[in-house]
Each structure stands twice: as structure tokens, then as C-alpha cells.
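Asks: model this:
(2 chains)
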Amino acid sequence: MKIIYFIVQQTMTFSIPLLIVALGGMFSERSGVVNIALEGIMVFGAFTSILFINQMQDTMQGQLLLILAIAVAAVSGMLISLLHAYASIHMKADQVISGTAINMLTPAVAIYVARMIQQIQQIGFVNTFRIVSVPLLGNIPVLGPLFFQNTYLTTYLGFAILIVSALVLYRTRFGLRLRACGEHPQAADSVGINVYKMRYAGVLISGLLAGIGGLVFVIPTSTNFNATVAGYGFLALAVLIFGQWKPGRILLAAFFFGLMQAIASAYSGIPFLAGLGIPNYFYRMTPFIATLVVLTFTSKKSRAPKAAGVPYDKSAR
Amino acid sequence: MKKFLVVLLALALVLPLAACGPKDDEPGNGEPKEEGYELALVTDIGTIDDKSFNQGAWEGLKKYAEEHGITHKYYQPQDKTTAAYLDAIDLAVQGGAKLVVCPGFLFEGAIYEAQDLYPDVKFIILDGVPHAGDYTPVVKDNVYSVFYAEEQAGFLAGYAAVKDGYTKLGFMGGMAVPAVIRFGYGFVQGAEYAAEEMGISSIELNYHYTGGFDSTPEAKTTAASWYNAGIEVIFACGGAMGNSVMRAAEEAGTAVIGVDVDQSGESDTVITSAMKQLAISVYDGIAAYYAGNFPGGQSVTLDAKVQGVGLPMESSKFKTFTQEDYDAIFAKLVDGSITLLKDTDADDPTQLGTEIVKVNYVE
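Replies: Numbering: from 1, shown residues only, chains lettered A, B, ... in the order given. From the prediction side, this is the model:
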């Protein structure tokens, strides 16, 4: 049982950032703007918030600092995504190009600014955010060790974001309009919805979530931030596609990817898995092969938003 | 008019190129060289503050330059290719460099060409020897190639860990490049040596190359799973990857051994570091150059004899392993009574012939 608890706890390290960032990507793409800048936005969100923690950790610690850092990450993620929004919505630029530009820009900015402030590019931080056991809930048998021990506040934030995202997308007027703009913006416009506004909203939400995702990714992973999120922004894109742009499926996809990564990384410390003799390449490959297979079989009725990637032109009918 | 403009443009492009050519004939061009940067360093993968290779080399260069008031500068290549390294070296030479320090074996190809291109410029290459791609060393008189006996540094780390009471060890390397392999093999042999000395019957040692030098959740989870399975200390030998191991150790309340430079400042979990004295060897190389006896044309391996490797005992957090223990084992490395197997002597860590240390090689 102890091993199962361990695997579940480790899976969270992988899955929660993927979940949050993929949900961010979902809002952007559902509004009709392809956002491959997720990686860059993650880097930027992580950069500003880790810098914030680095500067503030002498005066405060623990969950309060974490919550403030999350706010910093969210705001900075929104700001950087504004660039993408402006280029791809206002200027009708190619959305892939502007996304790539952000991916290249943000690590450079992070290194440059970190050097200016503290001479070195790695931003160190002390991890005071880990929750060894949630009071009361951590003592529940089975469920306690599974979900409420050796965890982070951000894990619950991830699930909260999932629930709110699903509600916003399917149960609100805003969500309906957003989806309409991603499917058929001309039709949406014809009934008086401001497509530009909705798309700005979609991209900004994706920036907010990807920024948070960057912070969530870095905290349990390293003792410093070194201007990279190791390609997890792109992995989140794969999760988004594997999850067919739907919150529930994104959750499944994120946990499938996370579980596979956790097993591939941890199997050498688990006697049962080490004894099976399956090379870890197998575990590493599985999520990607599964994505390819699923895409192959579902491509006919793939539910990608129809207008994703197409700049909205009012005059084109 | 249009034609005239085209001709003008073409001339504008060609003229600076021509000016670049025969520099030595023009006395006027000597002047900026005087104002340039005499000592230069070209960085390898990673940056000048990687808390590892580049930084160690740069510190040595900077120390000498500042003590003696010499201009110095570092250059970062655009890419991780021989062509890009060569460009950066060219830039350094154009910038007035008389001596260029290149940390890392990736420079082997670039130095091979640069040593002929710039016969008047001296080069110090760390962890590598110039060759044309066929691994036949060609060291010209203006090149000083420095290797380190990483297996001795790893040996000291493994010895100290077992002596300090750890019996379940781990080794996580970045990639299986020669320097990392030597660290790992030395670590295994050090553990074996200490166990034999102490009469311990069995030592467990997990051995793994993560495949990268970055901080990733994968590296962290691997480390966490080892700690979870009872491993007490992991020798993290792979740049920023080590920071992920430290994070895992912080969560598990266990220990880490750092690499290359003294990493005790990175995390409280770092009990010691298997150090290469990069700064000292670069400093000494530069000092020799200015003293007029640049050790060019040779490839040396700096080992315990010349204090090329070691553990930072003053910042180490050992419980029972003392300075005297360290001095005793270090002396044995110096006088050559301990000989170690290197990267070329065994195909994988299970073939090192250890009897007490059970190597669990995770591929």
C-alpha cells in the first residue's frame, strides 16, 4: 500500500501542472486562438513568482507566501499572454509565429533580468510550502495518505481550477459565447457577440492558468529556477489534444501522462516493478504512443475547435 | 540610379570583409587589441554561473585577472556546435585575447582547428584534448589540455559516505559521458574500499544515468523513489539535475553528495561534494603563462597528487568521518597505493569487480 501512496503522491507532481496548463490552453483554443506559447508563459509565470518568493522569503513563509506567489504568477502570465493576444487577435498575425516568439523570448528575459538583479541566473528559493499532512483529513485511512499527505496547496488548487473551468465552459453564458467564437466566429458576431473581446478573454485566461502552472511545476521540482520548465508546456499541449479540448478528458489525460511519467521515473525504487524487467523506455513512450493512436482513431471526429488558428476577419463571411 | 545603389550596397558589404583580412600588416589595427580583453573564456553548455564547470573555470580566471589587473571577458557561443564554438573563439581573439580558456570536452574539435588558426594565442582546454574527431590527440605548443582524476574525487565521496555510516547509496549521473562515468566508478570503488576496511558485509548501491543535466520532475521522482526505498544518500552528478535530487532529499529528510564545486550552499541536504579544483588549475595555468613557462603541448591529468580533486572538509556535514580519516585516505591516493578503474576499464558499473558493494544498475 505504501508504494501505491507514494506513486499517487508523485503522480501529482507531474499531473497537476499539466492539468492546469492544459486547461489554460483549452480556454484559448476554445475561443479560437491556438496557443503554443504555453511553455513560454509557464517560464514567465514561474520566473516572476519565484523571484517574488526569493525576495520575500525572509519576511514570510508557508502558505501565505505561496498564495501571494500564485497571484504574482497569474498576473504576469496574463501580461505576457497579452502580447500573444494583441498579435494574433488585433494584428491578425500567424498564431503559431507569435506563440513561438513568446517561447523564445521568455527564457531570455528571465535570464537577463535575473542577472541584472542578482548577478546569477538561477533564482534560489526555500521550499516552505509542503504540507506533510493536512489536519484531520490526513488521518483518514487510505484516502488520507493518498490525497492529504506529503502534498501541496497547489494540488487542491488544480482540482478547484478544473471544476471552475468545467462550470464556466458549460454552465455560463460566457462559456457558451467563448465556445461559439471558437467554432464559428461569424455566426457569433451576427448575433451581437464581440468576437475580439471573447478571444482576448480566452487568451488571457490561458495566460493566467499557464503562469500559475509554471509556478506549480517548479516548486516541488528543484531548489532553484533556471529559466526552464523542461518542455512541460508542450507536453500540456499534447494533454490538451489527447483530452479533446474537454475538461473531463483533460483531467484523465493529465493523470494518464502523469502516472506513466511517475512510474517510468520511480520504477527502479519499487521492487515489484523493477522485478518485471520492463525497460523504462516502455513507460516513457506509452503516453506519446497512446496519443498518436488515439489521434489516429479519433481524427475523423476530432473535436478541435473549428476556427482555432484562424484570425477573425469581420469582412470575411 | 538603381544600379548605382546596388553597386554601392555590394561595395559596402565587401569592404568591411576585406578590411577583416590581413590584419597583421596594418599597424593601425594593433591599437584596439591593446584595449581589448587579454584573458578570455568561452562557455560550454550552460552559462557562466552554472555552479559547476564554467563557473569554476571563470572564478580561477577572474581571480588571477583581478589580482594582476588584467582585462578579462567571457564569451557565450550561439550554439552547442563546433562551428559556433569556433566563432566564439574567433570573437575572443578578435577582441584581443592572448589566452582563451575553454571548459569542457565539447571544445575538442574547435580547439583542434583553433590551435592552427591562431598560433600566437594560447588555449587551456579543461576535460578534453584536441583531436580531429578520431580521438587521436593532437596537442600543439599553444594548447594546454587538462583532465581531472574524477574517479579519485568519486572515490573520496564514496569512501567518506560509507565511513560516515551510510550503507545504502545511490549514484545519479546526468549522461554517460567520460567524466560522469569516472565519478560514478570511483564512487562505487570508494564505497567498496571503505566497506572492506570496516568489515561491513553488504552495501547496496543504485546506479543510474538520468539522460540530462536539467532539473526535471523525472529526476526528482527517481530520487524520491530511491529515498522511499531506503537509499540514504545519493551522489548527484549532473549539473542542475542535482537540484532536483536535493529537493527530493529535503522532502525525505535524507542526504545528497554534490559534484564539481562545493555545493553545500545549494541545500542543507548536501553533506559533501566531490570537487574538481577547476579554479586552481585555471589560475595556475594562467600564472604559468605570464611567468613565461606555459605548459603547452601537453595533456595532463590533475589528481590527488597535485590537489586537483578533493572534498571540501570545512563545509562538509559528516557525523563520524573526520579530517584525519580524510587526510589518511587522501595520502593513499597521493602515494599511489590505491589504483582505480576508469571509464575505459569497465563497460558498466556492475563489472568493477566489487564484492561487498552490490551495484543495482538501472538502465
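Asks: Report the secondary structure element holding A:Ser98.
Replies: Per DSSP states H and E, A:Ser98 falls inside helix A:95-118.
Asks: Please list the outside residues in contact with that helix.
Replies: For helix A:95-118, the surrounding residues in contact (C-beta atoms under 8 Å, 6 or more residues apart in numbering or on different chains) are A:33-37, A:39-41, A:43-44, A:47, A:51, A:54, A:80-81, A:83-84, A:87-88, A:120-123, A:225, A:227-228, A:233, A:309, A:311, B:47. (Glycine included, C-beta is placed from N, CA and C.)
Asks: redo that, cut-off 7 Å
Replies: A:33-37, A:39-41, A:43-44, A:47, A:80, A:83-84, A:87-88, A:121, A:123, A:227-228, A:309 (C-beta atoms under 7 Å, 6 or more residues apart in numbering or on different chains).
Asks: quick check, distance from the helix or strand following it to the centre of its chain.
Replies: Sequence order places strand A:123-124 as the next helix or strand after helix A:95-118, per DSSP H and E. On the basis of C-alpha atoms, centre = their mean, to the nearest Å, the separation between the geometric centre of strand A:123-124 and that of its chain is 22 Å.
Asks: Return the residues of the stretch 1-150 of chain A in contact with chain B.
Replies: Counting by C-beta under 7 Å from any C-beta of the partner chain, the residues of the stretch 1-150 of chain A lying close to chain B are A:6, A:10, A:13-14, A:120-122, A:127, A:130.
Asks: For chain B, state which of these is nearest.
Replies: Sorting these by distance to chain B puts A:Ile120 at the head of the list, at 3.8 Å, by C-beta to the nearest C-beta.
Asks: excluding its backbone neighbours, what's nearest the closest one?
Replies: Distances taken as C-beta to C-beta, 6 or more residues apart in numbering or on different chains place B:Asp49 nearest to A:Ile120, at 3.8 Å, with adjacent residues excluded.
Asks: Might one say that the one you found is in contact with B:Gln55?
Replies: Yes: proximity of B:Asp49 to B:Gln55 meets the contact threshold set by C-beta atoms under 7 Å, at 5.5 Å.
Asks: Around chain A, pick out the residues from chain B.
Replies: When proximity is defined as C-beta under 7 Å from any C-beta, chain B approaches chain A at B:47, B:49, B:206, B:208, B:214-218, B:220-222, B:224-226, B:228-229, B:240, B:243-244, B:246-247, B:250-251, B:266-267, B:362-363.
Asks: Quick check: the two most widely separated of the residues of the stretch 1-150 of chain A next to chain B?
Replies: Spatial extent of the residues of the stretch 1-150 of chain A next to chain B (C-beta to C-beta) is set by the pair A:Phe6 and A:Ile120 at 34.2 Å.
Asks: of these two, who's got more company?
Replies: A:Phe6 (21 against 18; other C-beta atoms under 10 Å in any protein chain shown).
Asks: Return the nearest residue of the stretch 151-300 of chain B with respect to chain A.
Replies: B:Ser225 (2.9 Å).
Asks: chain center to whichever strand or helix holds A:Leu204: distance?
Replies: Assigned by DSSP H and E, A:Leu204 belongs to helix A:195-218. Per C-alpha atoms, centre = their mean, the displacement of helix A:195-218 from the mean C-alpha position of its chain is 9 Å.
Asks: and the next element down the chain from it?
Replies: On the C-terminal side of helix A:195-218, the nearest following helix or strand under DSSP H and E is strand A:224-225.
Asks: That following strand vs chain B: in contact?
Replies: Yes: using C-beta under 7 Å from any C-beta, strand A:224-225 reaches chain B at A:Asn224.
Asks: neighbouring strands for that strand, and are they parallel or not?
Replies: For strand A:224-225, the pairing partners within the sheet under DSSP bridges are strand A:123-124 (antiparallel).
Asks: Mean confidence (pLDDT) on the strand it pairs with, please.
Replies: When pLDDT is averaged over strand A:123-124, the result is 92.
Asks: hang on, the earlier thing: could you give the separation of the helix holding A:Ser98 from the chain centroid?
Replies: Computed by C-alpha atoms, centre = their mean, the chain-centroid distance of helix A:95-118 equals 18 Å.
Asks: do the same with stretch B:68-85
Replies: Centre-to-centre, stretch B:68-85 and its host chain are 16 Å apart (C-alpha atoms, centre = their mean).
Asks: Now it: average pLDDT?
Replies: Averaging the model's pLDDT scores along stretch B:68-85 yields 89.
Asks: Go through it and flag the buried ones.
Replies: Taking 16 or more other C-beta atoms under 10 Å in any protein chain shown as the neighbour-count basis, stretch B:68-85 is seen to contain the buried residues B:70, B:72-75, B:77, B:82, B:85.
Asks: the inter-axis angle of the one helix or strand B:Ser225 maps to versus helix A:195-218?
Replies: Using DSSP H and E, B:Ser225 falls within helix B:217-228. Angle of helix B:217-228 versus helix A:195-218, following axes from the mean of the first three to the mean of the last three C-alpha atoms, to 10 degrees, is 30 degrees.
Asks: Tell me, how many residues neighbour the residue nearest to A:Asp189 when sequence neighbours are not counted?
Replies: Counting by C-beta to C-beta, 6+ apart, A:Asp189 lies nearest to A:Val195, which is 5.2 Å off, once chain neighbours are set aside. Residues lying near A:Val195 (other C-beta under 10 Å) number 23.
Asks: go on, B:Tyr135?
Replies: By other C-beta under 10 Å, 8 other residues sit near B:Tyr135.
Asks: Could you grab the helix/strand/coil label for it?
Replies: When the structure is reduced to helix, strand and coil (DSSP: H, G, I helix; E, B strand; the rest coil), B:Tyr135 reads as coil.
Asks: Could you tell me which ranges of chain B sit under the pLDDT cut-off?
Replies: B:1-35 (pLDDT under 70).
Asks: Where do the strands of it begin and end?
Replies: Chain-ordered strands for chain B, with DSSP state E as the definition, fall at B:39-42, B:72-75, B:99-103, B:122-126, B:143-148, B:168-173, B:203-209, B:233-237, B:255-260, B:270-276, B:298-302, B:309-310, B:357-362.
Asks: what's near enough to touch the residue nearest to the residue of the stretch 151-300 of chain B closest to chain A when sequence neighbours are not counted?
Replies: Of all residues beyond its chain neighbours, the one nearest B:Ser225 is A:Gly269 (2.9 Å), with distances taken as C-beta to C-beta, 6+ apart. Residues touching A:Gly269, when contacts are defined by C-beta under 7 Å, 6+ apart, comprise B:225-226, B:228-229.
Asks: Output the longest helix belonging to the chain.
Replies: By default, I'm working from chain A. In chain A, taking DSSP state H as the definition, the longest helix is helix A:2-30.
Asks: Correction: the question concerned chain B.
Replies: Taking DSSP H as the criterion, chain B has its longest helix at helix B:178-198.
Asks: Please name every helix or strand in contact with that one.
Replies: With contacts defined as 3 or more C-beta pairs under 7 Å, 6 or more residues apart in numbering or on different chains; DSSP states H and E, the secondary structure elements packing on helix B:178-198 are helix B:150-163, strand B:168-173, strand B:203-209, strand B:233-237, strand B:357-362.
Asks: Fine by me, thanks again.
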